[in-house]
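**Student:** this one's structure only:
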């Protein structure tokens with residue numbers, strides 16, 4: 001997995017929800033709370049803090065059980081937050097509905113640059129809504145939705161967005177998503193119309209077949 005990194009910020013690590021909330025309240029710019037036992041109620045507290053926060057630019061909530069409701073809270077936060085640039089939600093059990101809420105948030109967000117949502121079971125529905133949201137987003141440059149069973153339907157949704165709408169996204173990770181040669185060819189055709197994407201990860205052999 002490739003990762004967009006804000007090199008000027010050092011992570012402040014939190015082992016519990018309370019520590020994460022404390023770091024955000026104290027004005028820390030990068031909060032790492034991977035596997036901190038945070039559930040949807042905890043995410044609600046974090047999201048409310050971040051709505052008008054002016055200091056936190058990086059947040060990692062990976063490996064927490066935030067669920068679809070947590071996705072809804074984070075999506076609502078993205079509509080109001082004006083400073084967060086990096087949101088990492090790997091393996092957070094967000095699901096397709098949670099991904100849809102986050103997609104809705106992206107439509108109204110103008111600062112988030114990097115979103116990592118791998119291994120969240122978002123499936124084709126979640127991939128479709130995220131792809132559609134990028135038609136109205138001109139800030140995000142990095143998106144990882146690997147290991148989500150997005151399938152060819154998800155690949156086609158992103159192909160349509162990259163071909164005709166989005167000219168901001170630079171890195172897209174669709175690896176381990178059950179994408180067949182059909183989906184790969186759709187993405188390859190989209191790349192011929194999009195000169196902004198510099199890295200697209202899915203099934204390397206199919207990419208080679210389609211482009212060469």
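**Tutor:** Here it is on my side, so go on. Bear in mind that the values here come from a model prediction, so they are computed numbers and not experimental data. Numbers count the residues shown, from 1 in each chain.

**Student:** which residues sit against stretch 36-51?
**Tutor:** Surrounding stretch 36-51, the residues in contact under the criterion Cβ atoms under 8 Å, 6 or more residues apart in numbering are 14-17, 19-21, 24-25, 56, 59, 61, 64-67, 69-70, 73-74, 76-77, 80-81, 84. C-beta: built from backbone N, CA, C; applies to glycine.

**Student:** how about low-confidence regions in this structure?
**Tutor:** Across the chain, the stretches falling below the confidence threshold (pLDDT under 70) are 1-9, 202-212.

**Student:** thinking again about what came up before, which of the contacts of stretch 36-51 are buried?
**Tutor:** Applying a neighbour-count criterion of 16 or more other Cβ atoms under 10 Å, the buried members of these are 14, 17, 20-21, 24, 56, 59, 61, 64, 66-67, 69-70, 73-74, 76-77, 81, 84.

**Student:** returning to what we had before: out of the contacts of stretch 36-51, list just those in strands.
**Tutor:** Of the positions in the contacts of stretch 36-51, residue 59 sit in strands, assigned by DSSP state E.

**Student:** State the three-state secondary structure for the residue sitting nearest the centre point of the chain.
**Tutor:** The residue lying closest to the centre of the chain (Cα atoms, centre = their mean) is residue 115, at 3.0 Å. Here residue 115 takes the strand state, with states given by DSSP: H, G, I helix; E, B strand; the rest coil.

**Student:** This protein: helices as residue ranges?
**Tutor:** In the chain, the segments counted as helices under DSSP state H are 17-25, 40-51, 67-80, 95-107, 123-133, 151-164, 181-193, 204-211.
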